[in-house]
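Student: Mind folding the following:
(one chain, ligands or ions: 1)
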Amino acid sequence: MSDDDDTGGGGRRAELAAGLTRVRARIDDACAAAGRDRDTVTMIAVTKTYPAGDVLALVGLGVHDVGENRDQEAAGKAAEVAAAGGRPRWHFVGRLQRNKCRSVVRYADVVHSLDSVRLVGALDTAASAYRDRPLDVLVQVSIDGDPARGGTVAGSADPDTGLGPVADAVAKAQGLRLTGLMAVAPLGWEPERAFARLAQVSSALRVDHPEATELSAGMSGDLETAIGHGATQVRVGSALLGMRPTLR
Ligand SMILES: *Cc1c(COP(=O)(O)O)cnc(C)c1O
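Tutor: Numbers count the residues shown, from 1 in each chain. Next up, the predicted model:
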């Protein structure tokens, strides 16, 4: 605990500022090492398990993009942040369930975790009903081809979970806009191998969908490797906010 927890969270703000400085330096260095312009990479602060006050502090420190992985937590937090005047872009990065789509489309600006044609239908219906402009969507890819933990499978013609069928369905959906791919490095895989494969999947997808230029990859432990393989969005939680109290 910091010294001034009882004087309104100034200690927490300083902690977040220090975390932000460290993470921004890592992204700067990774971009320099990869010969990329710094402004080609967006940092998303993943604030799951942390309170709306932390989101507001981060917004005050210049963070524009915030990520959450559970609808119930995110909906309340987004409302609290909005009521206090915070206006970040909200990214939904967690496993999406069809019965949550109607809620998610009301606060999320971007959904990263679309991974089935059935879900495309539900999200499109909700987005068309509740939003006045299309929702930006990334299709999640399962890099090891095992959809158990979420993600479509590249090269699969499965009509519900193949990457091609899902990307085609998003591209046709009136309420959605296909912007790219998202992935998490599989457990037990070297990030190098995982993100190299993801980069191949991304360039293959852009043959049919040239608009799908975004690549959401890299977290606290592997963001440098992801940037080296073309990530345009890194999703950073613990390196910025601290270790989460519970495992999610
Ligand atoms: C929690 C989470 C992150 C952030 O993970 P850290 O290792 O804490 O940086 C990124 N992406 C997704 C999908 C997450 O659920």
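Student: At which residues are the helices of the chain located?
Tutor: Remark: helices assigned in the chain by DSSP state H are 10-34, 52-60, 71-83, 101-107, 117-130, 163-172, 191-208, 223-228, 238-241.
Student: what's the second one in contact with?
Tutor: Taking contacts as CB atoms under 8 Å, 6 or more residues apart in numbering, the residues outside helix 52-60 that touch it are 9, 12-13, 16, 20, 45, 47, 66, 77, 80-81, 84, 86-88, 240-241. Placement of C-beta: from N, CA and C, glycine included.
Student: between it and helix 71-83, how many degrees?
Tutor: Between helix 52-60 and helix 71-83, the angle comes out at 50 degrees (axes from the mean of the first three to the mean of the last three CA atoms, to 10 degrees).
Student: isn't Trp189 right next to Ile143, touching?
Tutor: Yes: using CB atoms under 8 Å, Trp189 is in contact with Ile143, at 7.0 Å.
Student: Which of those two has more residues huddled nearby?
Tutor: More crowded of Trp189 and Ile143, by other CB atoms under 10 Å: Ile143, with 21 against 13.
Student: who's in contact with that one?
Tutor: Counting by CB under 8 Å, 6+ apart, Ile143 makes contact with 151, 183-186, 189, 194, 197-198, 201.
Student: One more: Val236?
Tutor: 23, 43-46, 219-220, 223.
Student: run the last query once more with 6 Å
Tutor: 23, 43, 220 (CB atoms under 6 Å, 6 or more residues apart in numbering).
Student: Then Ala231?
Tutor: Taking CB under 6 Å, 6+ apart, one finds 215, 217-218 in contact with Ala231.
Student: which residue sits closest to the residue in the chain positioned nearest to the ligand, ignoring its sequence neighbours?
Tutor: Proximity of the chain to the ligand (CB to the nearest ligand atom) peaks at Gly237, 2.7 Å away. In space, Gly237 comes closest to Val46 once its chain neighbours are excluded; the distance is 3.7 Å by CB to CB, 6 or more residues apart in numbering.
Student: picking that back up, tell me the most packed of the contacts of Ala231, by neighbour count.
Tutor: Neighbour tally across these (other CB under 10 Å): the maximum, 31 neighbours, falls on Ala217.
Student: Now do it, the pLDDT please.
Tutor: We note a pLDDT of 98 for Ala217 in this prediction.
Student: residue contacts, it?
Tutor: By CB under 6 Å, 6+ apart, the neighbours of Ala217 are 183, 195, 198, 226, 231.
Student: Make JSON lines from those and add distance to the ligand and pLDDT to it.
Tutor: Shown next, in JSON lines, are these (distance: CB to the nearest ligand atom, whole Å; pLDDT from 0 to 100):
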{"residue": "Ala183", "distance to the ligand": "9", "pLDDT": "98"}
{"residue": "Phe195", "distance to the ligand": "14", "pLDDT": "98"}
{"residue": "Leu198", "distance to the ligand": "14", "pLDDT": "98"}
{"residue": "Ala226", "distance to the ligand": "11", "pLDDT": "98"}
{"residue": "Ala231", "distance to the ligand": "12", "pLDDT": "98"}
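Student: I'd like to know how many residues surround the residue of the chain closest to the ligand.
Tutor: Neighbour number of Gly237 under other CB under 10 Å is 22.
Student: Distance of it relative to Ala45?
Tutor: For Gly237, the distance to Ala45 (CB to CB, to the nearest Å) stands at 8 Å.
Student: what's the neighbour count on Ala199?
Tutor: Neighbours around Ala199, by other CB under 10 Å: 18.
Student: pretty sure it is in contact with His229, am I right?
Tutor: Yes: counting by CB atoms under 6 Å, Ala199 touches His229, with 4.5 Å between them.
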